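# fold the following.
(chains A and B)
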Amino acid sequence: MRCSCEAVPQSHLGAIGPEEVIARILFNPQHIKADGTVRSGLFSPTDIREKGVSLVRSEHLTPEALKAQADAIAANYHKPLRAEGVIECKAAHVRAMLDTQGERLLCLFDDPVEAKKGIPANPAHATAIAAREVTDADIPQIKTLLTLAFGPLRRFVA
Amino acid sequence: MLKPNPQGTANAGFHVMMFLGASGTAMKRPAQEVEQRAPAKVDAQNIKSFSYLTRNQKFKEIPAKFADAYREMNAFKALLDGWDGQGSKAILDGSVNAALSFLAMLPSDLPPPEASAASDGTVDWYWRNGPKAATVTFYRDRRAAYFALTSAVGVKDAFQLADKIPAPLIKSLRQL
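Have a look, this model is predicted:
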């Protein structure tokens, strides 16, 4: 279980509390349905298992700073796509995802990133990653629960 | 290109022909033809299924209500490396072909799924009805896994897609 890292904050913002809102920035319209909800493909098995699902502690950023961060990521990693907006949910919902044995499926912890390649530092970065070695059958469960947990897209103001 | 079938496809005005590899690895970009001919007045009762041709020259039929899902999933074959940002992988033809085979096996009384692609090349079928939802993820080599949340406790398993869909999954999808 990797989730002990949740209790040890890595940034000056402190650990992520259960009521804190976390956000996922969306760049690809392919993942967004007409009603603003997201498709399960937004969460890739590789991210869940190995890389971690990249998230933002949106309460710690002004809307302008969040948009600037998203635009910088889009310009460096998602050309020609642009940042579409964010989906959000409470940290407690991610941490409440359990397998059939009642064990946590995901850890969610603060994971500040330093500035690099035109992207400003982001002390409000967070990561969700599998809490243990997950099976193939765990993946669609995590994808389903994440898709249900996050609300509809909140578009950036142009 | 269309195989006449007993369910009235000839009246449906919806013809699909494609080559679908059993393993999905031999044909990177299979030749395909999709033709739609909407009759002046569509009789929904007559549109029941359409056929596609597998690489083994066998016709398979998919209920017409799954036509949009079929098209969405098949279109993922065009997504190349980088489609979802730096480091994202092209969609695995084998995953798409397995997903289409799965669709062909899906009972026609079930709701049509949504197609979805992930940045690591895997694909999903996804259903949602309020708080109920289900996902089937297709990996390489016809390996698949599902999770369905239709009651307080979800059901999940992994399976090798052969000639039928696991019964617990069908049962759960009927509860969506």
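# how much space between the residue of chain A positioned farthest from its centre and residue A:12?
Outermost residue of chain A with respect to the C-alpha centroid, by CA atoms, centre = their mean, is residue A:101; its distance is 24.6 Å. Computed as CB to CB, to the nearest Å, the residue A:101 to residue A:12 distance reads 36 Å. The way it works is simple: take the backbone N, C-alpha and C, and place the C-beta from them, glycine included.
# and residue B:51, by the same measure?
62 Å.
# likewise residue A:128?
Taking CB to CB, one finds residue A:128 at 21 Å from residue A:12.
# now the phi/psi pair for the closest residue to residue A:29 other than its chain neighbours, please.
In space, and not counting its chain neighbours, residue A:29 is closest to residue A:84: 6.4 Å by CB to CB, 6 or more residues apart in numbering or on different chains. In terms of degrees, to the nearest 10, the main-chain angles of residue A:84 are phi -90, psi -40.
# in contact with residue A:84, which residues?
A:26-29, A:32, A:153, A:155-156 (CB atoms under 8 Å, 6 or more residues apart in numbering or on different chains).
# what residues does chain A have near chain B?
A:27-28, A:30-31, A:33, A:37, A:39-47, A:76-78, A:81, A:100, A:135-141, A:143-145, A:147-148 (CB under 8 Å from any CB of the partner chain).
# for PyMOL, write the selection for the buried entries among those residues.
Those of those that count as buried under 16 or more other CB atoms under 10 Å in any protein chain shown are selected in PyMOL with:
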select buried, chain A and resi 27+28+30+31+37+39+40+41+42+43+44+45+46+47+77+78+81+136+137+138+139+140+141+143+144+145+147+148
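# state the pLDDT value of residue A:98.
For residue A:98, the model assigns a pLDDT of 93.
# just give the number of residues close to it.
14 (other CB atoms under 10 Å in any protein chain shown).
# quick revisit: same drill for residue A:128 and residue A:12, tell me which one is more crowded.
Ranked by neighbour count (other CB under 10 Å), residue A:128 and residue A:12 place residue A:128 first, with 26 against 9.
# what about the most centrally placed residue in chain A, which SS state?
The centre of chain A sits closest to residue A:55, judged by CA atoms, centre = their mean, with a distance of 2.8 Å. Under DSSP: H, G, I helix; E, B strand; the rest coil, residue A:55 falls in the strand class.
# so who does it touch?
A:22-24, A:108, A:125-128.
# which residue sits closest to it, ignoring its sequence neighbours?
Distance criterion CB to CB, 6+ apart; nearest residue to residue A:55, sequence neighbours excluded, is residue A:126 at 4.3 Å.
# what's opposite the one you found in the beta bridge?
residue A:55, residue A:110 (DSSP bridges).
# look up phi and psi at residue A:19.
Phi and psi for residue A:19, reported as degrees, to the nearest 10, are phi -90, psi 0.
# any idea how far the residue farthest from the centre of chain A is from chain B?
With the distance defined as CB to the nearest CB, to the nearest Å, residue A:101 ends up 12 Å from chain B.
# scan the chain for its longest helix.
With no chain named, the answer covers chain A. Counting residues, the longest helix found in chain A (DSSP state H) is helix A:63-77.
# wait, chain B was what I had in mind.
From DSSP H, the single longest helix across chain B is helix B:93-105.
# any idea how far residue B:148 is from residue B:128?
Residue B:128 is 11 Å from residue B:148, by CB to CB.
# list residues touching both of these two?
B:134, B:176.
# more neighbours, those two?
residue B:148 (27 against 21).
# if I've got this straight, that one is in a helix?
No. Using three-state DSSP, the secondary structure at residue B:148 is strand, not a helix.
# hang on, it packs against residue B:134?
Yes. Using CB atoms under 8 Å, residue B:148 is in contact with residue B:134, at 3.8 Å.
# which residues are in contact with both of those two?
B:169, B:172-173, B:176.
# ok, so of these, who is nearest residue B:138?
The nearest member of the shared contacts of residue B:148 and residue B:134 to residue B:138, counting by CB to CB, is residue B:169 at 13.2 Å.
# tell me the SS of the closest one?
helix.
# nearest spatial neighbour of it, chain-adjacent residues omitted?
Per CB to CB, 6+ apart, closest to residue B:169 is residue B:146, 5.0 Å.
# likewise for residue B:150?
Residue B:150 sits nearest to residue B:175 (CB to CB, 6+ apart), 3.9 Å away.
# and that neighbour, its phi and psi?
Torsion angles, degrees, to the nearest 10, at residue B:175: phi -90, psi 0.
# right, and residue B:49 touches residue B:60 too?
No. Using CB under 8 Å as the test, residue B:49 is too far from residue B:60 to be in contact (9.8 Å).
# packing partners for the helix or strand where residue B:172 lies?
Residue B:172 is part of helix B:167-174, with elements assigned from DSSP states H and E. Counting by 3 or more CB pairs under 8 Å, 6 or more residues apart in numbering or on different chains; DSSP states H and E, the packing neighbours recorded for helix B:167-174 are strand B:132-138, strand B:143-149, strand B:155-160.
# that'll do, ta.
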